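**Q** just need the structure, nothing else, for what follows:
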Amino acid sequence: MPTLYYGDNLQVMREQLKDESVDLIYLDPPFNSKRDYNLLFKSPKGEAADASITAFEDTWHWGPQAEREFKELLHQSNTDVADLMNALLGFLGRNDMMAYLTMMANRLLELHRVLKPTGSLYLHCDPTASHYLKIVLDGVFGKANFQNEIIWKRSSAHSDSGQGARHFGRVSDTLLFYNKSDKKSTWNPQYRDYDEYYMERDYRRADADGRRYRLDNIQGPGGEKKGNPFYEVMGVSRHWRYSKKRMSELIEVGRIIQTRPGAVPQYKRYLDEGKGTPIQNIWDDISVINNRADEYLGYPTQKPLALLERIIEASSGKGDVVLDPFCGCGTAVHAAQKLKRKWIGIDITHLAIALIEKRMRDAFGEKLKFDVIGTPGDLAAALDLSLRDRYQFQWWATSLVNAQPYQGKKKGKDGGVDGIKYFHDADTEGARKIIVSVKSGHLKADDVRSLNHVRDREGAEFGLLICLYPPTKSMIADAASVGFYTGGNGKDYPRLQILDIEGLLSGKQRAEHPDQVPDLNFKKAKKETGKKGQEKLDL
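**A** The predicted structure follows:
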């Protein structure tokens, strides 16, 4: 069963994934870029500009956690890695980069453990730390198992110089490709379409039916020394690539031709029989996703589906297991599902997990079944999450009503709003707003009245109060006193609704309002019907 895990990938791998259980790993970890990356939510037409929330902070600092993980590195069984990390510590010192590399080294060791001997790993990075990461990968996988440094040209040009930068434009990322061992790994060569210049230059001849071809040399390289037979063909004696019998067969079907009497015969190679140009280690044919692309979901660092499809097709087969331990918005698991692989995704934020769940169901339909492990499934688990991380709890709770989280960790900026949701009504133009407030502790007497005040201030039709503990009778009465919204369908909906976690998880409660379609609140992944859009996927 495909599986999505919420949690720290180090802990998830150690507790959940067996030795040598994965065929292919793709990881696009943080780059230590010293930046915050924002998830962009679309706003309906007529509303304010698209909203954003910090999806993750790509900044690392040396502290107690880094010290603990570094100590683990010194006491694990791979002594090459222990020596290497000690050497890096001596060179870099206890600083931000060393904290980042320590985090990565521990996880790469776990990834090496779960990878099959015939498996491969692709690590996606940029120049911020790629040189250090390659050294760490050499220590974990062994330098003999390095296969390629792939350069992905993700954009055409940057106007950095016009903004004061004193360097060449940075338009590429790096993919570091390693095998687990010297055992024969899965390898399926990939091809790209021939370019027009090449076809016009090399395939300039055509049959009467328009079928284009070029002529290839059929002389045997190395002559007699290489064991090539010597005989006469069409009046020309040479050492040839083919035996007399095979040559006669090719002549009979018209594949050996002579352009003029006395000319050396050549092989007729048709354009439509070629697979294309073999893919090399510089990939300049897949562009970065922009905000106008069909597959754009608003997630920072989202990679094109075509990029992951190429990797997965090259280094795995149908039914193989693909793991992405930093799965973000889920491009790798989407590509794996599309190409009929099994998959495992791990992410440490509920923002990502909720986005991936929606993406996979939008793309593949409700028939697609996959497990989601680590997100609360009952009240006790929800309480535990609220105590460990109230922001993750808020993001998870807002996802239960298909709302966008609001403002995130900007302290004091939310104004009583933890989430926003939009809906359409049949007899009105434009979108209407719903605000969401999440309470992880016991409700206070004035929480309901405060939410109604915020609802009025924000010009929202509805207010949703999501709470861990059921409200009192007086709170229910306060909510009811706010009255109803009459929809275009003639149905009345309570303007203020109190929803407890247990009721939402069991399905006994749900947000009530017109237009339950969630697409107003999140960008929708394109539905997958087949690789060429002509056949249904086998789920």
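**Q** tell me what the longest helix along the chain is packed against?
**A** As assigned by DSSP state H, the longest helix anywhere in the chain is helix 96-114. Contacts defined by 3 or more CB pairs under 8 Å, 6 or more residues apart in numbering; DSSP states H and E place helix 96-114 against helix 9-16, strand 22-27, helix 64-74, helix 79-92, strand 115-125, helix 130-141. Where you see a C-beta, it was placed from the backbone N, CA and C, and this is true even at glycine.
**Q** distance from the shortest one to the middle of the chain?
**A** If I follow you right, that is strand 22-27. Per CA atoms, centre = their mean, to the nearest Å, the displacement of strand 22-27 from the mean C-alpha position of its chain is 13 Å.
**Q** circling back: closest to residue 491 out of the helices and strands packed on helix 96-114?
**A** Within the helices and strands packed on helix 96-114, the stretch nearest residue 491 is helix 9-16; the backing value is 43.9 Å (CB to CB).
**Q** mind listing what's buried in the closest one?
**A** 9, 10, 12, 13, 16 (16 or more other CB atoms under 10 Å).
**Q** repeat that for stretch 446-457.
**A** Of all the residues in stretch 446-457, those buried under the rule 16+ other CB under 10 Å are 447, 448, 451, 452, 454, 455.
**Q** pretty sure the fifth one sits in a helix.
**A** Yes - with DSSP: H, G, I helix; E, B strand; the rest coil as the criterion, residue 454 is part of a helix.
**Q** show me the contacts for it.
**A** By CB atoms under 8 Å, 6 or more residues apart in numbering, the contact set of residue 454 is 415, 416, 417, 435, 437, 463.
**Q** could you rerun that using 6 Å?
**A** residue 416 (CB atoms under 6 Å, 6 or more residues apart in numbering).
**Q** for residue 240, find the nearest of the helices and strands packed on helix 96-114.
**A** Residue 240 sits nearest to strand 115-125 of all these, at 38.8 Å, using CB to CB.
**Q** mean confidence for the closest one?
**A** Regarding strand 115-125, the rounded mean pLDDT is 97.
**Q** rewinding a little: can you list the buried residues of helix 9-16 in CSV and add distance to residue 354 and pLDDT?
**A** As requested, those are exported to CSV (distance: CB to CB, whole Å; pLDDT from 0 to 100):
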residue, distance to residue 354, pLDDT
9, 18, 94
10, 22, 95
12, 17, 97
13, 22, 97
16, 20, 97
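**Q** farthest pair within those residues?
**A** 10 and 16 (11.2 Å).
**Q** joint contacts of those two?
**A** Common neighbours of residue 10 and residue 16 (CB under 6 Å, 6+ apart) do not exist.
**Q** and which of the buried residues of stretch 446-457 is nearest to residue 165?
**A** The closest of the buried residues of stretch 446-457, once distances to residue 165 are taken by CB to CB, is residue 454, at 43.5 Å.
**Q** circling back: closest one to residue 247 out of the buried residues of helix 9-16, please.
**A** residue 13 (57.4 Å).
**Q** how about that closest one: what's its closest non-neighbour residue?
**A** residue 110 (4.3 Å; CB to CB, 6 or more residues apart in numbering).
**Q** and if you look at residue 63?
**A** Excluding the flanking residues, the one nearest residue 63 by CB to CB, 6+ apart is residue 99, at 7.3 Å.
**Q** look at that neighbour and say how many residues are nearby.
**A** For residue 99, the count of nearby residues is 22 (other CB atoms under 10 Å).
**Q** check the one 5 residues further on too.
**A** Burial measure for residue 104: 25 neighbouring residues, criterion other CB under 10 Å.
**Q** what's the answer for the one 5 residues further on, then?
**A** The criterion is other CB under 10 Å. On that basis, residue 109 has 20 neighbouring residues.
**Q** first-to-last residue distance for stretch 326-344?
**A** 10 Å (CA to CA, to the nearest Å).
**Q** how about residues contacting it?
**A** When contacts are defined by CB under 6 Å, 6+ apart, stretch 326-344 is touched by residues 2-3, 26-29, 297, 299, 302-303, 305, 308-309, 312, 316, 318, 320-324, 345, 347, 352, 355-356, 359, 528.
**Q** again, only using 7 Å
**A** 2-3, 9, 26-29, 297, 299, 301-303, 305, 308-309, 312-313, 316, 318-324, 345-347, 352, 355-356, 359-360, 363-364, 528, 537-538 (CB atoms under 7 Å, 6 or more residues apart in numbering).
**Q** out of the residues you listed, list just those in strands.
**A** Among those, DSSP state E puts 3, 26, 27, 321, 322, 323, 324, 345, 346, 347 in strands.
**Q** quick check: the farthest pair among the residues you listed?
**A** Farthest pair in these (CB to CB) is 321 and 347. Separation: 17.6 Å.
**Q** neighbour count winner among those two?
**A** Higher neighbour count among residue 321 and residue 347: residue 347, with 27 against 21, using other CB under 10 Å.
**Q** and the more buried one, what does it touch?
**A** Contacts of residue 347 by CB under 7 Å, 6+ apart are 6, 326, 327, 328, 353.
**Q** so the first one touches residue 375, yeah?
**A** Yes - using CB atoms under 7 Å, residue 6 makes contact with residue 375 at a distance of 5.0 Å.
**Q** which of these two has more residues huddled nearby?
**A** Comparing residue 6 with residue 375 by other CB under 10 Å, the one with more neighbours is residue 6, at 22 against 19.
**Q** who's in contact with that one?
**A** Residues near residue 6 by CB under 7 Å, 6+ apart: 347, 350, 353, 374, 375.
**Q** quick one: the helices in the stretch 101-250 of the chain, in order.
**A** Here the stretch 101-250 of the chain has its helices, by DSSP state H, counting those that start in this stretch, at 130-141, 196-202, 244-252.
**Q** residues making contact with the shortest one?
**A** Residues from elsewhere that reach helix 196-202 (CB under 7 Å, 6+ apart): 214, 271.
**Q** cool, the last one as well?
**A** The contact list for helix 244-252, computed with CB under 7 Å, 6+ apart, reads 229, 231, 233, 240, 242, 256.
**Q** for the closest residue to residue 395 other than its chain neighbours, phi and psi?
**A** Spatial nearest neighbour of residue 395, excluding adjacent residues (CB to CB, 6+ apart): residue 350 at 4.4 Å. Backbone geometry at residue 350, expressed as degrees, to the nearest 10, gives phi -70, psi -20.
**Q** wouldn't residue 350 be in contact with residue 392 here?
**A** Yes - in this structure, residue 350 is within contact of residue 392 by CB under 7 Å, at 5.2 Å.
**Q** residue 331 - how many residues pack around it?
**A** With other CB under 10 Å as criterion, residue 331 counts 28.
**Q** again, but for residue 144
**A** Neighbourhood size, residue 144 [other CB under 10 Å]: 10.
**Q** if we can go back for a sec, can you put the ones in strands among the contacts of stretch 326-344 in CSV and add pLDDT and distance to residue 509?
**A** Below are these laid out as CSV (pLDDT from 0 to 100; distance: CB to CB, whole Å):
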residue, pLDDT, distance to residue 509
3, 97, 28
26, 98, 39
27, 97, 38
321, 98, 37
322, 98, 37
323, 98, 36
324, 98, 34
345, 98, 29
346, 97, 30
347, 93, 27
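**Q** possible to save the residues you listed as TSV with distance to residue 212?
**A** Listed next are the ones in strands among the contacts of stretch 326-344 as TSV, based on distance: CB to CB, whole Å:
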residue	distance to residue 212
3	48
26	37
27	42
321	42
322	38
323	43
324	41
345	44
346	48
347	48
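**Q** pick out whichever of these sits closest to residue 89.
**A** Nearest to residue 89 among these, with distances taken as CB to CB, is residue 27, at 23.2 Å.
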